[in-house]
Each structure stands twice: as C-alpha cells, then as structure tokens.
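Visitor: after the sequence you'll find the predicted model.
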Amino acid sequence: MVETIENLDHGVTDCRDLIDLAVEENDEDSLEDVQSEIDSLEAQLAILEFRRMFSGEMDANNAFLDIQSGSGGTEAQDWAEMILRMYLRWGEDKGFKTTLEEASAGEVAGIKSATIRFEGEYAFGWLRTETGVHRLVRKSPFDSGNRRHTSFASVFVSPEIDDDIEIDINPADLRVDTYRASGAGGQHVNKTDSAVRITHEPTGIVVQCQSERSQHSNRDKAMKMLRARMYEHEILKRNAEKQALEDSKSDIGWGSQIRSYVLDDQRIKDLRTGIQTSNCQAVLDGKLDDFIEASLKSGL
C-alpha cells in the first residue's frame, strides 16, 4: 500500500509538471494525454480507498441487520418499519440478495423488530457503521393533534459466521521434538527416539504421542491430536466472538445516536461525520451511500 501511495504521489507531481509545460507551449494534445493519466490515477486511488475501507477481518462476509423499535408505541414502531424499508431498498440497489429473516408486527402499525440478511461481497463491510440509534422527529400521523414527536429505533449489524471450520496447519508453525518413549517406572520401552511431541507455536498447543513403536506412526497420531485440539480452539474462539457481538448489542443505549432524521425541517444529519442532506425522501428510499461512505472513510 505504501508503494502505491508513493506511485500516486509521483504521478501527481509528473502531471503537474506536464500541465505547466503544455500550457507554456500551448500544446492541447499533451493536455489530453495528461487528462488520461489523471483518470488513471483517480482509478488507482479509488481502488486504494476501497481496500482501506474494507480491511476488516469480517468485512467480506454476509451480514445480518437487526432493527428494534424504541419506546413510544405506534409512532416508534412505524419508524422501525420505515427503517426496514430503507435498508431493504438500499440492499436491492447495491445488488445484495436481501432476505427478511424475521419481523414482529406492531400493535397498530409498523414493527417491533426485524432482521434482514444481506448476501453478497462485502455486505458486512458496507453496513457495519450503521450500528447505533436512529432518531426521527416529525409531526406524527398517529396523533390527532398533529403534534411533533421524537422516536427512536436501534440498528445492530453483525457478520454471518461460516460454521465450516477448515484446520489448515502451516508446517512452519510447528516445532517437532522426538524422545525415547517411557514405560511404567520410567524405563525406556524403545531404544530409539520414537516418541513425538508437537508444539503449535502461534497458539501454544502441545500434543505428544508414544503409543506406537515407530516415530512415523507416533507423528501421524500426534498430528491428528493436534488437528482435534486446534478445532476445539477455533470453536472456543468463535463462541467468544459471538458472545462479544451479543454483549456489544446490549451496549447500544438510546444515547448512542448516529443519525437524526428531522422530517419537518427536511434535514437528515449524521452526528458522527457531519454529513447532511435535505433530500429526506431519497434517503428513506435507500439512498444511503453518501452517509455510509463518509463513515467508512473516516474510519468509524
């Protein structure tokens, strides 16, 4: 990445020099060539920016998006359904396969909760910064007095975890020690170093086997034991990650507002990046990329 940045920097400097020279000599053909080079640099920059935005370990995964209405009865539940529609529209526009996994209907209108699954490349990467509380301010259609109401809905985004676990052991990560097998009372049962101890250095897992007479057989058995231990290690790691996700979900308090939708004033504003728009209907119809890209570029 550093090399790419240096190449871009040199390219910009070269273009600047060529522009100065072309203007000085009134050379329009050279200016057109410089424009082509600038277009190429912009394309390289876009690729670099994409790689930076989606550098997380889980960014390439499918995603689940959970919506939960806040307190406020029908108005809050209607707001939750508006958010559901917004994300479904966004997902369809981006080319993701969207599936409504669950929806709990509101008592009068709207929904109490819902879960959407987004299937496609970098679904979680695109959506991960949408976790938080979304605040709506409007004159409620459910209020006969047409008064202004404030409602909340929380959004939580999590990656879909692949349950298929492939244990790929790099031989360079292993330290193999051989020693003489010992029987009862400590006496050596074999005059050769047939027993095998294998240490997987990245995890610190150690297995050993001396039940067979040949070193080769003991090594094969030890490798099977190591794979089993590493499988168990990966299961425990994934369970811990799932628990951490659940814990972070419960940490989303109603003070964790990320975006404010003030429909009466025709203003939607992201409270983290400062990005705002007056085209509220477009956003509610799924045009979220300006907000999402700004949050990803800022490293949220």
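Guide: Alright, I've got the coordinates.

Visitor: could you pull out the strands in the stretch 101-250 of the chain for me?
Guide: Remark: strands assigned in the stretch 101-250 of the chain by DSSP state E, counting those that start in this stretch are 111-119, 132-139, 148-159, 174-179, 195-200, 205-209.

Visitor: for the chain, name the helix or strand with the lowest mean pLDDT.
Guide: Among the helices and strands of the chain, helix 2-25 carries the lowest confidence by mean pLDDT, DSSP states H and E, at a mean of 66.

Visitor: so Tyr87 makes contact with Arg117?
Guide: No - using CB atoms under 8 Å, Tyr87 is not in contact with Arg117, being 11.2 Å away. Backbone N, C-alpha and C define where each C-beta goes, glycine included.

Visitor: show me which of the two is the more surrounded one.
Guide: The residue with more neighbours, out of Tyr87 and Arg117, is Tyr87; 21 against 18, by other CB atoms under 10 Å.

Visitor: relative to Ser295, which of the strands of the stretch 101-250 of the chain is closest?
Guide: For these, proximity to Ser295 was assessed by CB to CB; strand 132-139 is nearest, at 9.9 Å.

Visitor: packing partners of that closest one?
Guide: helix 73-94, strand 148-159, strand 257-262 (3 or more CB pairs under 8 Å, 6 or more residues apart in numbering; DSSP states H and E).

Visitor: go with 7 Å
Guide: When contacts are defined as 3 or more CB pairs under 7 Å, 6 or more residues apart in numbering; DSSP states H and E, strand 132-139 packs onto strand 148-159, strand 257-262.

Visitor: what about it, distance to the chain center?
Guide: 25 Å (CA atoms, centre = their mean, to the nearest Å).

Visitor: what mean pLDDT does the longest helix seen in the chain get?
Guide: Ordering each helix of the chain by length in residues (DSSP state H) puts helix 215-250 first. The pLDDT scores in helix 215-250 average 83.

Visitor: and for stretch 68-77?
Guide: Stretch 68-77 comes out at a mean pLDDT of 89.

Visitor: just the angle between the longest helix of the chain and strand 148-159, please?
Guide: Counting by axes from the mean of the first three to the mean of the last three CA atoms, to 10 degrees, helix 215-250 lies at 180 degrees to strand 148-159.

Visitor: report all helices and strands that helix 215-250 contacts.
Guide: Looks like helix 215-250 contacts strand 195-200, strand 205-209 (3+ CB pairs under 7 Å, 6+ apart).

Visitor: now, of those strands, which is deepest in the fold?
Guide: Mean neighbour count (mean count of other CB atoms under 10 Å) peaks for strand 195-200 among the helices and strands packed on helix 215-250, with a mean of 20.
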